[in-house]
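[1] could you work out the structure for the sequence below:
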Amino acid sequence: MNHKLIENAIIKYLVGEADRNDLDVLFEWIQDPKNQMLFEHYVEVHYKVNLIMSEPNIDEIKKHLITQIRSDNRKIRQVKRRKSILKYAAVVVLCLSLGGVYMFKKNQIKQIPEVHISEDLKTTIQQGTDKAILTLNNGEHIPLAKGETFESVNVVSNGEEIVYQGKAGNKEIVYNVLTIPRGGKFFIKLADGTEVWLNSDTQLKYPTGFIDGKLREVELVYGEAYFHVSPSTNHKGSSFTVLNKSQKIEVLGTVFNIKAYNDETHIYTTLVEGKVAVNYEGVLKPLKPNEQSNVDLDNKSISVKVVDIEEVVSWRMGVFTFNKKPLKDIMKVISRWYDVDVVFEDKSLETLNFTGVLSKNQNLEEILKTINNLSIIKKYEIYDKKIVLK
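    Next comes the predicted model:
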């Protein structure tokens, strides 16, 4: 692929001027892991230039990037072209972000502060992975983890997902429970074909088989889950319901996300496609695609608003997206995925708002260094499974 073409596409992307053709070029080029590393390098250059300028001069940034790009002689190989512009965006976010995380304050920072890393840093904390605990109807607990397999009468797991097959017939419905610990994620395909992606610190209770024509019901005990429900037309009209705390979600064949963590006072149900109705304390709220219901457990109320779907469900694709989120909320997400506890020694940091994208494959220390570099925190320390922000 032409070096000049790549050079122009990269620069236009980094300064926010890329069109569809530019994204097309980048998507092809970035499939090569060697090129992913190269692009991360270019992004880092652009990122640092932006940080030190109170009013960024796009022409100067372009000149800086051109010099950097032309100085590198790595080979470029062409790969198969894809068509969806959404996929281009996903690849750019997943593979190319500076170490997987960007966090920008409202006002530009005029200089890069010195990084202060604790002398007491004792451990490297790894990102989450595929793991879960399967609890059978008889109370037996079976650990599921990447690289390990499990097989029973109507269920099989390869350690990254668990798949059920078969129907309950006229037999009594038997329930299993799948628990995803902090630092974990998992995929489950229910016996009716419904697909569910489970985030860290989540528990789902479900039947091992369903009876066609009768209600299909599961319970999201706590946590976050993304559902792709098998339509009722495939099951003699039997509807699908998700129970969660004090709310009930009545579903037609559809795709939606529920976020209901035990340490949060709000339950969010977001509709991606299809139709659902959220029933809270007798109040029924139907949702349209791109709408999100918000159950306030403290005030015992429910409201509905339009949201950015990609921001809500990006976790399923390997990234966490934040839009003007307080650092306290961001660190909650980090604590679940990396299985750590976070302490704010400086309480004023909790309410600072940031916008950015965090890769779930990123090393935690690099994320903390980035936050440190932005002068958001003066210092951080890691003690075993505890992070202290100062």
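[2] is it true that V174 touches N137?
    Yes. The pair V174 / N137 is scored as a contact, 4.7 Å apart, by Cβ atoms under 8 Å. To be clear about C-beta, it is placed using only N, CA and C from the backbone, and glycine gets the same treatment.
[3] overlap in contacts of those two?
    T208 (Cβ atoms under 8 Å, 6 or more residues apart in numbering).
[4] can I assume V25 is in contact with N35?
    No. Counting by Cβ under 8 Å, V25 does not reach N35; the two are 11.4 Å apart.
[5] return the residues in contact with the nearest residue to T129 once chain neighbours are set aside.
    Nearest residue to T129, sequence neighbours excluded (Cβ to Cβ, 6 or more residues apart in numbering): K146, at 5.7 Å. Each residue near K146 by Cβ under 8 Å, 6+ apart is listed here: T129, D130, K131, G159, E160.
[6] can you tell me which of these are in strands?
    Counting by DSSP state E, the contacts of K146 place T129, D130, K131 in strands.
[7] rewinding a little: just the buried residues out of the contacts of K146, in PyMOL syntax.
    Buried members of these, defined by 16 or more other Cβ atoms under 10 Å, are picked up in PyMOL with:
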select buried, resi 130+131+159+160
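[8] turn the contacts of K146 into JSON lines, columns for distance to N353.
    Formatted as JSON lines, those follow (distance: Cβ to Cβ, whole Å):
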{"residue": "T129", "distance to N353": "30"}
{"residue": "D130", "distance to N353": "32"}
{"residue": "K131", "distance to N353": "32"}
{"residue": "G159", "distance to N353": "39"}
{"residue": "E160", "distance to N353": "35"}
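[9] which one of the contacts of K146 is nearest to I334?
    Nearest to I334 among the contacts of K146: T129, at 15.4 Å, using Cβ to Cβ.
[10] helices and strands of the protein: which one has the lowest mean pLDDT?
    Within the chain, no helix or strand scores below helix 85-96, which has a mean of 35 by mean pLDDT, DSSP states H and E.
[11] among the ones in strands among the contacts of K146, which one sits closest to E366?
    Taking the ones in strands among the contacts of K146 together and measuring to E366 by Cβ to Cβ, the closest member is T129, at 17.5 Å.
[12] my guess is that closest one meets G183, correct?
    Yes. Under the contact definition of Cβ under 8 Å, T129 touches G183, with a separation of 7.3 Å.
[13] run through the helices of the stretch 251-390 of the chain in chain order.
    309-313, 327-338, 364-373 (DSSP state H, counting those that start in this stretch).
[14] so which of those helices is the most packed in?
    helix 327-338 (a mean of 20; mean count of other Cβ atoms under 10 Å).
[15] that one vs helix 364-373, what angle?
    170 degrees (axes from the mean of the first three to the mean of the last three Cα atoms, to 10 degrees).
[16] list the buried residues in stretch 317-329.
    V319, F320, T321, F322, K325, L327.
[17] I meant stretch 156-173, not that one.
    S157, G159, E160, E161, I162, Y164, K167, A168.
[18] quick one: mean pLDDT over it.
    Averaged across stretch 156-173, pLDDT comes to 83.
[19] of the buried residues of stretch 317-329, closest to K205?
    Distances from K205 to those, taken by Cβ to Cβ, are shortest for F320, at 25.7 Å.
[20] surely that closest one meets S314?
    Yes. Counting by Cβ under 8 Å, S314 is a contact partner of F320 at 6.6 Å.
[21] need the overlap of contacts for these two.
    V357.
[22] average model confidence for the longest strand along the chain?
    As assigned by DSSP E, the longest strand anywhere in the chain is strand 216-228. Throughout strand 216-228, pLDDT has a mean value of 96.
[23] quick one: list the elements packing against it.
    Packed against strand 216-228 by the contact rule (3 or more Cβ pairs under 8 Å, 6 or more residues apart in numbering; DSSP states H and E) you find strand 195-198, strand 202-207, strand 240-244, strand 255-260.
[24] quick one: contacts of the shortest one?
    Outside of strand 195-198, the residues within contact range by Cβ under 8 Å, 6+ apart are 132, 178, 180, 185-190, 204, 223-228, 316.
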